[in-house]
Every structure is written in C-alpha cells, then in structure tokens.
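[1] Just a sequence and a predicted model for now, questions to come.
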Amino acid sequence: MANVNKLIFAILHHEASLSENYLHLEPSKQFDIAKLKGWSDDKLDLGGATMCGVTLRSYAAYCSSKGLGTPTKVDLKNISFEHWLDILKTMYWDKCKADLIDNQSIANLIVDWYYNSGNWSAKRVQRLLGLSEDGIVGNKTITAINEAEQIKLFNDIKKSRIEFVSDICKRNSSQKRFFNGWLKRINYFTI
C-alpha cells in the first residue's frame with residue numbers, strides 16, 4: 001500500500017526547489033529547509049499565495065475545520081510542518097484514498113495532481129478507467145486503479161495530466177509562464 005510520507009519530498013522538491021541532497025533528512029527537516037524558498041505570492045498564479053504548495057484558501061479551509069480562526073498570509077508563511085502535513089494527508093491524500101492504492105508511483109502521481117488541481121485529477125483518472133466521472137474516489141475507483149495494468153495506467157495518467165496543463169495554457173495565456181515548471185514536475189514522477 002502507498003504511504004503519504006513517500007510523497008513529501010517530491011512535493012517539497014517542486015514547490016521549493018528542495019535539492020535531492022536533502023533526501024536523507026527526515027521530512028520535518030526537509031520542510032524547514034523548503035520553507036526558505038517555498039513562499040510564492042505571484043499575482044498571475046491562480047492559486048494565490050502559497051507556502052510549499054499550500055494555498056491560503058486551503059489553509060483557511062483547514063483552519064476553519066480545526067477551529068483555528070482565519071489565517072493571514074503571515075500565518076501561511078509560518079505554517080508548521082504538522083499543519084502542512086495534516087493538510088497534505090487529510091485534504092489531498094485521504095480524498096484520493098491513496099492509502100488503498102497498491103502502487104506508490106500511481107498514488108504519488110494522482111495525489112500530486114489533486115494537490116495542484118483539485119478533484120480534476122480524480123475525474124480524469126476515472127475517465128481513463130471508464131468509470132463515472134464524479135471526482136469522488138470510492139471503492140470502484142480504487143479497485144479499478146489496483147486492477148489496471150500499472151505501467152499503462154501510470155503513463156495514461158501522466159499523458160492526461162500533461163493535456164490538462166496544456167489546456168489551462170490554451171484557455172488562459174497568462175498561465176503559459178508556468179507550463180515548463182508543470183511539465184518538469186509531471187515528468188519527475190516515474191513508475
């Protein structure tokens with residue numbers, strides 16, 4: 001079964017240019033280093049202000065669910081590893097039921113897509129599997145993922161994700177500046 005801890009470095013690597021020299025460190029230490037470069041508040045980024053990939057909108061939803069009040073950009077800049085990881089786990093990993101996915105590489109690819117684009121990833125994977133595209137990962141989706149030919153499914157998901165970001169750029173030319181980074185991130189994942 002897949003494990004969320006095996007996705008942490010990949011996210012920090014892409015969200016904060018964390019070097020592979022830090023692979024040997026425990027995730028909380030990787031996060032501390034990533035936070036030095038992980039802040040973004042690019043006016044053209046449709047996600048808005050982010051710290052290591054967590055948007056202010058996602059952090060606000062998380063804080064609201066925990067009774068923590070409404071966070072500011074300063075709060076987001078100072079997000080703890082514990083909150084960041086809990087957001088990754090509860091709002092993305094668990095929504096994809098990734099603990100039930102047999103193949104770590106497929107789980108990583110799906111969850112990373114969900115982390116960046118929401119339930120479009122689930123809908124696109126469901127489409128690839130010939131399932132109803134409701135965006136809710138349930139038992140049918142998990143069974144179909146695990147029973148599919150794994151290399152083909154992985155490659156199909158990657159191709160679909162590339163098409164997805166290409167479509168974003170076609171619809172909104174301001175997003176073209178992010179395309180090469182998105183492509184690099186997608187191609188980082190291997191089976």
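    Received the coordinates, thanks.

[2] Run through who's touching the one helix or strand residue 157 maps to.
    Assessed by DSSP states H and E, residue 157 sits inside helix 150-171. With C-beta atoms under 8 Å, 6 or more residues apart in numbering as the test, helix 150-171 has contacts from 103, 105-106, 109-110, 113, 117, 120-121, 124-125, 127-129, 145, 175-176, 178-179, 182-183, 186-187, 189, 191. For glycine as for every other residue, the C-beta is placed from the backbone atoms N, C-alpha and C.

[3] tell me which residues in that helix are buried?
    For helix 150-171, burial by neighbour count (16 or more other C-beta atoms under 10 Å) applies to 153, 154, 156, 157, 158, 160, 161, 164, 165, 168.

[4] could you flag which of the contacts of helix 150-171 are buried?
    Looking at the contacts of helix 150-171 with 16+ other C-beta under 10 Å, the buried ones turn out to be 103, 105-106, 109-110, 113, 117, 120-121, 124-125, 128-129, 145, 175, 178, 182, 186, 189.

[5] Among the residues you listed, which ones are in strands?
    Within the buried ones among the contacts of helix 150-171, no residue falls in strands by DSSP state E.

[6] average pLDDT for stretch 81-91?
    The pLDDT scores in stretch 81-91 average 98.

[7] I misspoke; the intended subject was stretch 135-151.
    On average, stretch 135-151 scores 97.

[8] Please parse the chain into its domains.
    In terms of domains, the chain is parsed into 1-94, 103-191 (source: automatic domain parsing).

[9] Give the burial count for the closest residue to residue 97 other than its chain neighbours, as a bare number.
    Spatial nearest neighbour of residue 97, excluding adjacent residues (C-beta to C-beta, 6 or more residues apart in numbering): residue 137 at 4.8 Å. Neighbour count for residue 137, taken as other C-beta atoms under 10 Å: 23.

[10] Kind regards, and thank you for your time.
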